[in-house]
Structure formats: structure tokens, C-alpha cells
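>>> heads up, no residue letters with this:
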């Protein structure tokens with residue numbers, strides 16, 4: 001730990017993301033990966049930026065946060081340890097809760113309430129249910145409610161947290177049983193969720209590393225893909241590669 005780093009935090013680079021309408025997480029993470037040990041950054045947001053805490057901790061950062069007013073939080077991060085930005089699967093969960101930014105558009109206080117609710121559910125240190133099981137439960141609940149976008153995101157996070165292909169096989173068999181062949185064929189089979197599942201299974205059958213599979217999952221099902229993004233898209237993507245079905249016959 002950098003000694004007395006909080007005494008120098010006023011000199012940190014300030015990144016004010018309060019007026020940004022898009023996802024600010026990648027921008028902050030990119031800045032963080034370029035920083036050296038002993039350097040710091042101050043992120044200003046209208047709600048407590050809780051999703052940043054674990055992400056930057058995995059990059060070697062420590063943090064402290066001040067609530068300046070009802071609509072201003074200042075989170076100070078100091079880099080105490082040099083770590084590889086290309087973290088292995090399971091080290092950091094991809095697809096952060098960017099939907100919180102949609103609540104911010106409505107009301108800053110509402111966004112602050114939602115982010116603390118999120119922390120209670122997903123950041124509980126003494127949780128009786130392990131995180132992997134939580135992801136699978138959330139995935140199954142999303143499928144039951146017809147929320148394939150959410151289900152796809154939960155699948156990616158579950159895979160990053162250690163879910164195996166064998167577990168996914170049984171889960172999708174349960175979907176066929178619980179929802180019936182008709183619903184499975186017309187709703188689940190053509191979905192991004194099933195595409196992500198097929199990508200995982202076909203890549204593992206071809207001995208692709210889990211780190212590479214996770215990279216491909218995040219690349220195909222990130223916020224740029226309308227089928228998994230939490231942001232409204234006002235035009236179709238020009239890049240059609242994300243919309244192509246994953247075919248096992250391609251041999252990749």
C-alpha cells in the first residue's frame with residue numbers, strides 16, 4: 001500500500017462522468033490500465049460508482065469514496081500493484097451493470113438506490129449462495145420471464161465465474177423441459193443466449209482456451225450488440241458479424 005496516499009489524492013487526475021450518456025466504465029478502465037504504481041485517478045459521478053470498485057481492484061487499485069453532496073460522489077483510486085490487464089477468466093466478471101445508467105437518466109437519487117440494491121444482491125461478502133449459482137438462477141429467471149438480453153449477459157458472467165459446458169448442457173435441457181419444445185424452438189433456439197451457449201460449446205470442443213472463449217464472448221455480446229446491450233440502439237449495426245448465428249460446421 002502506498003503510504004499516506006490519501007494525503008496526495010487532491011493531485012489525482014479528475015474524470016467527471018456525470019454528464020456522460022453512455023457507458024463510462026470502459027473509458028475509466030482504459031485509463032486505469034495505462035497508469036503506473038503510485039498514480040491515482042478521481043472519478044466523479046452522481047451516484048456511488050460501486051461497479052468500478054471490483055473492476056479496478058483486479059487491476060491493483062485501492063479506493064476511498066467521499067459523498068460531496070446528494071448528486072456528487074468522488075471516488076479516489078490509487079494503483080498499489082502492477083497487474084496484467086488481460087486477466088484470466090474468472091478474475092473479473094465481464095458485462096458490468098451498465099443498466100444503472102438508465103436509472104440515472106430518470107433521477108440521480110434513484111440511480112444511487114439501485115446501485116446499492118445491486119451491491120446488496122451481487123456484492124454480499126457472506127452470501128449463503130455462491131456467485132456461480134446466483135448467475136445460473138438469474139439466467140433461468142430471465143429465460144422464464146422472456147428477458148433473453150439479460151439471460152445472455154448472465155450466461156457470459158456465469159462462464160467467467162467457472163460454469164462448465166456440462167452444467168450448461170443440463171441447464172438448457174431443463175429449459176426444453178420446463179418451457180416445452182415449441183417455446184424452446186421458437187424463442188430460445190434463435191436467441192443470442194443460445195448463440196453464446198453454442199459458441200462456448202463449439203470452442204471448447206476445438207480445445208480453445210477459456211480465456212480466449214471469454215474474450216470472444218465479451219467481443220460478440222458486449223454493449224455494441226443490440227441483443228445483449230442495456231442501451232437503446234437507434235439504428236442497426238453496420239457490422240453484421242454479431243448477428244450471424246454460431247455454426248458448429250465452421251470448424252471454429
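Everything's here; your move. Keep in mind the model is a prediction, meaning the values are calculated, not measured.
>>> for the stretch 151-252 of the chain, what are the low-confidence residue spans?
For the stretch 151-252 of the chain, residues meeting the criterion pLDDT under 70 lie at 233-252.
>>> If we use 90, what do you get?
Across the stretch 151-252 of the chain, residues meeting the criterion (pLDDT under 90) sit at 222-252.
>>> show me where it has strands.
Using DSSP state E, counting those that start in this stretch, the stretch 151-252 of the chain contains no strands.
>>> Please apply the same query to the stretch 1-150 of the chain.
13-16, 40-45, 61-69, 72-79.
>>> can you count the residues close to the nearest residue to residue 216 once chain neighbours are set aside?
The shortest distance from residue 216 to any residue other than its chain neighbours is 6.5 Å, reached at residue 199 (CB to CB, 6 or more residues apart in numbering). Every C-beta, even on glycine, is put in place using the N, C-alpha and C of the backbone. Applying other CB atoms under 10 Å, we find 21 residues neighbouring residue 199.
>>> center of the protein - which residue?
residue 95 (1.7 Å; CA atoms, centre = their mean).
>>> separation between that one and residue 77?
Separation of residue 95 from residue 77 (CB to CB, to the nearest Å): 21 Å.
>>> Residue 51 too?
Taken as CB to CB, the span from residue 51 to residue 77 is 13 Å.
>>> Ok, residue 13 next?
Distance of residue 13 to residue 77, given as CB to CB: 10 Å.
>>> Find residues that contact each of those two.
40-42 (CB atoms under 8 Å, 6 or more residues apart in numbering).
>>> can you redo the residues you listed as JSON lines with distance to residue 210, pLDDT and neighbour count?
Converted to JSON lines, the shared contacts of residue 13 and residue 77 look like this (distance: CB to CB, whole Å; pLDDT from 0 to 100; neighbours: other CB atoms under 10 Å):
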{"residue": "40", "distance to residue 210": "33", "pLDDT": "93", "neighbour count": "22"}
{"residue": "41", "distance to residue 210": "30", "pLDDT": "94", "neighbour count": "21"}
{"residue": "42", "distance to residue 210": "35", "pLDDT": "95", "neighbour count": "17"}
